[in-house]
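1. got a sequence here, can you model it:
(2 chains)
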2 protein chains.
Amino acid sequence: MAARHRTAAKRIVIWGRRPEVRLRLAEQPWVDSAPDTLAEAVEGSELVVLAAPVDKIIALAEQAARHVSPETIVTDVGSVKGELCRLCDAALAGHGHFVGSHPMAGSQKTGWENGSPDLFQGRVCFVTPLPQTHEPSVNKVARFWHQLGADVATVSPDQHDEIVAHISHLPQAVATSLCSFLAQKNASWRNYAGGGLRDTTRIAASDATMWIEIFQQNRDEVLRALRQFQDELHGMYSAIANREWTEVRARLERGKAYRDGFRP
Amino acid sequence: MAARHRTAAKRIVIWGRRPEVRLRLAEQPWVDSAPDTLAEAVEGSELVVLAAPVDKIIALAEQAARHVSPETIVTDVGSVKGELCRLCDAALAGHGHFVGSHPMAGSQKTGWENGSPDLFQGRVCFVTPLPQTHEPSVNKVARFWHQLGADVATVSPDQHDEIVAHISHLPQAVATSLCSFLAQKNASWRNYAGGGLRDTTRIAASDATMWIEIFQQNRDEVLRALRQFQDELHGMYSAIANREWTEVRARLERGKAYRDGFRP
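-> You can find the predicted model right below:
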């Protein structure tokens, strides 16, 4: 949708695993064609975007590799990049160029019906080349996301995984735990929820299967961030328990300064 | 503003501690007068609303008690109710009727300039009578908040404090700790923040002084909720660490079911 809207592509070919989805996609004004096989979809493409759950992307890259031309660039939108980029790079070697991407867009809702032409507008998109990645292809992928309205950030796959463990996977584990905890206390209390609880827990409504895959794929980094956050939270607990109000204030003020510094 | 807009009051008299605030308030179209003393402001009033930080409300109730008539109802908007309601009830005894209130409205922004006529629309407002509280006054206070658009929930002051420790004070401690933690890791990562982190941390931008008072006033309940939440979070950590993916899924799904059940 975004590529059509921003004329970032001359021709848009979509393939999906389920036939009923392909039939509906073929009818969309932003789709040029939705053939029945992955082979037909990628043949002759300049850029292939693999948009699938993290654990399916590698198999798709291996399949696509057999049908692309040596100039084809293959990218993806997976939320964990380290192992994925190394395996996809190996899969494409000698067939085309793999460049990992991760647009930080979307919501707790999944499926193409929840997309929009402005989905990437003003959102960050990571582009995650390996040292050996073909540089002109990196530039092309960065240009593609930029054309869709995203702010591109180029980092290594491992650096990416450390960053998102902190700014995306940790908040998810926290929001999920908050809701899972409150569900066991007295679920009816949610009827009293103000804007604070609503916002703090919004992402807890995300798809469970997607998040298990992310926690599996980025397990080490997630555990490291969670362990350190548990220490931070325990520090807050101790400060309140010991009536160390200067310490409580320092934490509230450090948190506020950090949050006030977010881009508008 | 809301009382004028919804014609919930014939005459609106405001008093504020700082003279410059009173001068600016006197000019507002929704204010009938803004006298220089609390005594002048409450004399002849049917309903007095004490809107001040939690630790200032009791002193204001004691002051107001000397100038109200026996039929006057005094309420407040403090976010912690147990001790406050007992002390304000004692202060007003023989002078007027005290009924505690806590409208769950507002944002991280403080000050009358951030109010709006629709502030209470669709938000929950707790009304927290003690067993001895004058029942017709409870009904009047409930009617007042209902007229301003709020959904009224009547609970005891102690029950209120347990509920808000879980649905408001715990989320604040968590959001603050998340930001305080990330500030120490690498503050520049916030530039990559997606909607998830933004929402999860929004309330971390709240006023530190207001929150210290709340944590002080509701310390026992906050500590109890925090301690139990730390156990929940540690359970999530262990499940991921031990690759108990069925347990991780159960937590993600319990959290999602809880969050999906929020009123729209």
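2. give me every residue that touches residue A:122.
-> By C-beta atoms under 8 Å, 6 or more residues apart in numbering or on different chains, residue A:122 lies in contact with A:149, A:150, A:151. Every residue, glycine included, has its C-beta placed from N, CA and C.
3. could I get the residues you listed in TSV, plus columns for secondary structure and distance to residue A:255?
-> Converted to TSV, the contacts of residue A:122 look like this (DSSP: H, G, I helix; E, B strand; the rest coil; distance: C-beta to C-beta, whole Å):
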residue	secondary structure	distance to residue A:255
A:149	coil	30
A:150	coil	28
A:151	strand	24
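4. just the buried members of the residues you listed?
-> Buried members of those, scored by 16 or more other C-beta atoms under 10 Å in any protein chain shown, are A:149, A:150, A:151.
5. and the second one, backbone torsions?
-> Backbone geometry at residue A:150, expressed as degrees, to the nearest 10, gives phi -80, psi 160.
6. what segments of the stretch 101-250 of chain A are strands?
-> Taking DSSP state E, counting those that start in this stretch as the test, the strands found in the stretch 101-250 of chain A are A:124-128, A:151-154.
7. looking at these, which is closest to chain B?
-> Evaluated with C-beta to the nearest C-beta, the strands of the stretch 101-250 of chain A place strand A:124-128 nearest to chain B, the distance being 4.7 Å.
8. pLDDT of that closest one, averaged?
-> Average pLDDT, strand A:124-128: 96.
9. show me what contacts the spatially most central residue of chain A?
-> In chain A, the residue lying closest to the centroid (C-alpha atoms, centre = their mean) is residue A:79, at 3.7 Å. Residue A:79 sits next to A:54, A:102, A:164, A:168, A:214, A:218 when contact means C-beta under 8 Å, 6+ apart.
10. helix, strand or coil for it?
-> coil (DSSP: H, G, I helix; E, B strand; the rest coil).
11. so what's the backbone phi/psi at it?
-> When read as degrees, to the nearest 10, the backbone of residue A:79 gives phi -90, psi 0.
12. which one's the longest helix in chain A?
-> As assigned by DSSP state H, the longest helix anywhere in chain A is helix A:219-241.
13. what are the buried residues along that one?
-> For helix A:219-241, by 16+ other C-beta under 10 Å, it's A:219, A:221-223, A:225-226, A:229-230, A:232-237, A:239-240.
14. that one vs helix B:219-241, what angle?
-> 170 degrees (axes from the mean of the first three to the mean of the last three C-alpha atoms, to 10 degrees).
15. is helix A:219-241 up against chain B anywhere?
-> Yes: counting by C-beta under 8 Å from any C-beta of the partner chain, contacts between helix A:219-241 and chain B involve A:219, A:222-223, A:226-230, A:232-237, A:240-241.
16. mind telling me what element the closest residue to residue A:187 other than its chain neighbours is part of?
-> Leaving aside its chain neighbours, residue A:187 sits nearest to residue B:258 (6.3 Å; criterion: C-beta to C-beta, 6 or more residues apart in numbering or on different chains). Element membership for residue B:258 (DSSP states H and E) is helix B:245-260.
17. next up, phi/psi of residue A:44, please.
-> Dihedral angles of residue A:44 (phi, psi; degrees, to the nearest 10) stand at phi 80, psi 0.
18. try the one 10 residues further on
-> As for residue A:54, its main-chain torsions (degrees, to the nearest 10) stand at phi -50, psi -40.
19. where does pLDDT dip in the stretch 51-200 of chain A?
-> Within the stretch 51-200 of chain A, the ranges that satisfy pLDDT under 70 run A:108.
20. mind redoing it with 80?
-> Applying pLDDT under 80 to the stretch 51-200 of chain A flags residues A:106-110.
21. would you map the helices across it?
-> A:54-65, A:82-92, A:135-147, A:157-164, A:170-186, A:195-201 (DSSP state H, counting those that start in this stretch).
22. run a quick neighbour tally on residue A:64.
-> Residue A:64 has 26 neighbouring residues, counting by other C-beta atoms under 10 Å in any protein chain shown.
23. next one: it from residue A:138, what distance?
-> Applying C-beta to C-beta, to the nearest Å, the value for residue A:64 to residue A:138 is 18 Å.
24. pull the residues that contact stretch A:234-244.
-> A:245, A:247-248, A:251, B:173, B:176-177, B:180, B:215-216, B:219, B:222-223, B:226-227, B:230.
25. chain center to it: distance?
-> 35 Å (C-alpha atoms, centre = their mean, to the nearest Å).
26. same deal with stretch A:211-221?
-> 12 Å.
27. next, the buried residues of it.
-> For stretch A:211-221, the neighbour count (16+ other C-beta under 10 Å) marks A:211, A:212, A:213, A:214, A:215, A:216, A:217, A:218, A:219, A:221 as buried.
28. would you point out the most distant pair within the residues you listed?
-> The largest separation in those, counting by C-beta to C-beta, is between A:212 and A:221 at 15.6 Å.
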